[in-house]
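>>> Test case, fold it:
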Amino acid sequence: MAESRSPDEAAAGWHIYLREEPDDPELRRQFAAWLQESPLHQQAWAEINETLGVLDLAPPERKRRGGARRKFWGNPANDRTGRRKAKVAAFAGFAMAACIAAFVFVPDLSLRLRADHYTRAGVTQDIHLADGSEVILAPRSAVAVHMTAHERRIDLLRGEAYFVVHHDASRPFTVIAGPVTTTDIGTMFDARTDGDETSVAVREGAVHVSAKEGIGLERDLHAGDRVDVRGSQVISDTQAPETIGLWRDGMLVAQDNTIADMVAALQPWTSTRIIVAHDTLAVRKVSGSYDLHHPETSLQLIVHPYGGKVMSVTPWFALVTGR
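Take a look at the predicted model:
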């Protein structure tokens, strides 16, 4: 599985996938390798199994595949035992989905309490600030706004935002995203933070970026410049300015990006957790334009050229399989 998610989320995905394909030796091999990669993986696996342990009480028929499953659901309508088992099995399946959804998707209440603005999956928000500046907040994002007579500061707590700044030399406009501080010099720019990855890209004008101690970042960025900070690593790059912030128009443009990166970009636009089940597929590269307002269709278009398939396991999880 592509590790573009937390150990808890990965463990939830493995739990579902191993239930659906219990006899797949390649899947078992990949799972064993994932489990041994980190003690955090082992802890996450133990915790989700403890959380879902009650589901082991489901009847054995629920765990069978193929013909056995069809035989079970084909019990005569007047067979009370069969109907009772079917109800228990259906409830177990629903309970599993509900437990996993609660385990992975419980809202981060502390984040919401800290945020002045918070967006759900698939929803953007235009924020008009008192100084005339504008913030467009991407889905699954949160910001805290600090506007005083002496400072203008936005804390990007999670996700991505596009900034159109009204320049005021006497009161700098700063954005703090992860370890990176961006100071406006009169510009339009995009900032994103997710885990230990933070990026800033300038569409128009210029900004000054710096980072906390231990990260060697102190420079000006101009139109088309971008910087990515991954842990303590700093990566500088350029791109066509007009492609920066295109998510505001519902567009996702890939330029030789990996499928794992594309899934990460699509994820905020859907409430369904997307899990790439094969590392070989995750590192494949794609180019093209995709519709963020139809993430399920876009995901199929992204993986189809490589033989990838999208399987909806529950309303909350989709597995991308392929070779």
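
>>> can I see the domain layout of the chain?
The chain breaks down into these domains under automatic domain parsing: 7-107, 110-241, 246-321.

>>> Helix or strand next in line after the helix or strand where residue 200 lies, which one?
In this assignment (DSSP states H and E), residue 200 forms part of strand 197-211. On the C-terminal side of strand 197-211, the closest following helix or strand by DSSP H and E is strand 218-222.

>>> Mind listing residues that contact that next one?
185, 189, 200-202, 205-211, 227 (Cβ atoms under 8 Å, 6 or more residues apart in numbering). For every residue, glycine as well, the C-beta is placed using N, CA and C.

>>> ok, then the element right after it?
Next element after strand 218-222 (DSSP H and E): strand 225-230.

>>> ok, residues contacting that following strand?
Contacts for strand 225-230 (Cβ under 8 Å, 6+ apart): 178-180, 196-202, 209, 211, 215, 217, 219, 221, 234-239, 244.

>>> Weed out the non-buried ones from those residues.
Buried members of these, counted by 16 or more other Cβ atoms under 10 Å: 178-180, 198-202, 209, 211, 215, 217, 221, 234, 244.

>>> closest to residue 311 among those residues?
residue 199 (30.8 Å; Cβ to Cβ).

>>> pLDDT score for the closest one?
For residue 199, the model assigns a pLDDT of 96.

>>> what's across from it in the sheet?
Residue 199 has these beta-bridge partners by DSSP bridges: residue 192, residue 228.

>>> need the contact list for it.
Contacts for residue 199 (Cβ under 8 Å, 6+ apart) come out as 190, 191, 192, 193, 226, 227, 228, 229.

>>> Format the contacts of strand 218-222 as CSV; extra columns: distance to residue 266.
Supplementary listing: the contacts of strand 218-222 in CSV, determined by distance: Cβ to Cβ, whole Å:
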residue, distance to residue 266
185, 32
189, 22
200, 21
201, 18
202, 24
205, 29
206, 31
207, 27
208, 31
209, 27
210, 31
211, 28
227, 23
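
>>> Tell me the one of those nearest residue 44?
Of all the contacts of strand 218-222, the one with the least separation from residue 44 (Cβ to Cβ) is residue 211, at 29.5 Å.

>>> ok, which stretches of the stretch 101-250 of the chain are strands?
Using DSSP state E, counting those that start in this stretch, the strands found in the stretch 101-250 of the chain span residues 117-118, 125-128, 134-137, 142-147, 152-164, 173-177, 180-194, 197-211, 218-222, 225-230, 233-238.
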